[in-house]
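**Student:** from the sequence below, what's the structure:
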Amino acid sequence: MTGNTEVSFEGSMTERFLCFKAESAEDDFRVKMLENNRVIGYLPLTTYETLENRTVYRYEITDMISLSDYLIDHEVTAEFLAEILGSLEKIFLRGRGFMLEEDNYVLQLNYMFLDTNGDLQICYLPTYESDVKHQITSLIGDLLKMVDTEDKTNVFLMYRAYAKAGEDSCTFRSIINCLSHEQLPAENGAENEFLPVSAASKEEAAPPRKKKLMGRKAREALEYIAVITAFTLVVLFFIFK
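**Tutor:** Predicted structure coming up:
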């Protein structure tokens, strides 16, 4: 969160809100569109001005749970991360229709929520301006710290996704592909112990046996035996003719 932005939670016994107080900016048509439209994946937004000439962006989170609170009682797995990234990909695609800027999404566990249906809801903060790829790398890094270190498959997959997120050319899809169990060969020095049980238990196909080439001495010995045998047969033929 930027130094000039204050974060707070407000509400009552019947409603809750996540609030960001930031320096007032010029009217942004994108904020107006989000205020006047309910878009899937985006927290409902309202704004108001303070006496100090600051803008409060107020997101409704009633009956929702933050990802940080959700993960207190739920395991972090490669599958969970893939679902989160898949949801973010869809949200970003919807945001294109509103010309939303990717660097203005707030992608921190404390400020990302799941609604009562288990669907991801995030907020778009016009003044945020934080590099989205850096945010996603940090998000995966935070989740990686919560992975059960005894689960070597999940650790390996999550590390691979973390490395992919650090590449300039990464996309949601390329990171998600790194989390697929089906694409988990024992490559780049990875041991078979990183493979899923279903894959590790499959018996590897035996490599084709190489034909043994006969040595020179053995070949000469066979040729000698063949000559002697032929000579003997000729002699026997003339004896018993």
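**Student:** report the helix or strand with the lowest average pLDDT across this protein.
**Tutor:** For the chain, the helix or strand with the lowest mean confidence is helix 197-200, at a mean of 38 (criterion: mean pLDDT, DSSP states H and E).
**Student:** which SS class is D73?
**Tutor:** Judged by DSSP: H, G, I helix; E, B strand; the rest coil, the three-state class of D73 is coil.
**Student:** now do the phi/psi pair for it.
**Tutor:** D73 adopts backbone torsions of phi -110, psi 10, taken as degrees, to the nearest 10.
**Student:** what's the pLDDT at it?
**Tutor:** pLDDT, D73: 96.
**Student:** tell me how far it lies from F9.
**Tutor:** Noted for D73: a distance of 20 Å to F9, by Cβ to Cβ, to the nearest Å. Glycine gets a C-beta too; all of them are placed from N, C-alpha and C.
**Student:** of these two, who's got more company?
**Tutor:** A count of neighbours by other Cβ atoms under 10 Å puts F9 above the other of D73 and F9, at 11 against 7.
**Student:** which non-adjacent residue is nearest the more buried one?
**Tutor:** Distances taken as Cβ to Cβ, 6 or more residues apart in numbering place L18 nearest to F9, at 6.0 Å, with adjacent residues excluded.
**Student:** just checking, the one you found is part of a strand?
**Tutor:** Yes - according to three-state DSSP, L18 belongs to a strand.
**Student:** show me the contacts for it.
**Tutor:** V7, F9, L43, R58, Y59, I61, Y111, C123 (Cβ atoms under 8 Å, 6 or more residues apart in numbering).
**Student:** so it bridges to which residues?
**Tutor:** Beta bridges link L18 to F9, Y59, judged by DSSP bridges.
**Student:** same question, the one 4 residues further on
**Tutor:** Partner residues in beta bridges with A22: T55, with DSSP bridges as the criterion.
**Student:** quick one: the strands in the protein?
**Tutor:** In the chain, the strands defined using DSSP state E lie at 6-11, 16-23, 45-49, 54-60, 65-66, 113-114, 120-121.
**Student:** by how many degrees do the second one and strand 54-60 diverge?
**Tutor:** Read that as strand 16-23. For strand 16-23 against strand 54-60, the angle by axes from the mean of the first three to the mean of the last three Cα atoms, to 10 degrees is 160 degrees.
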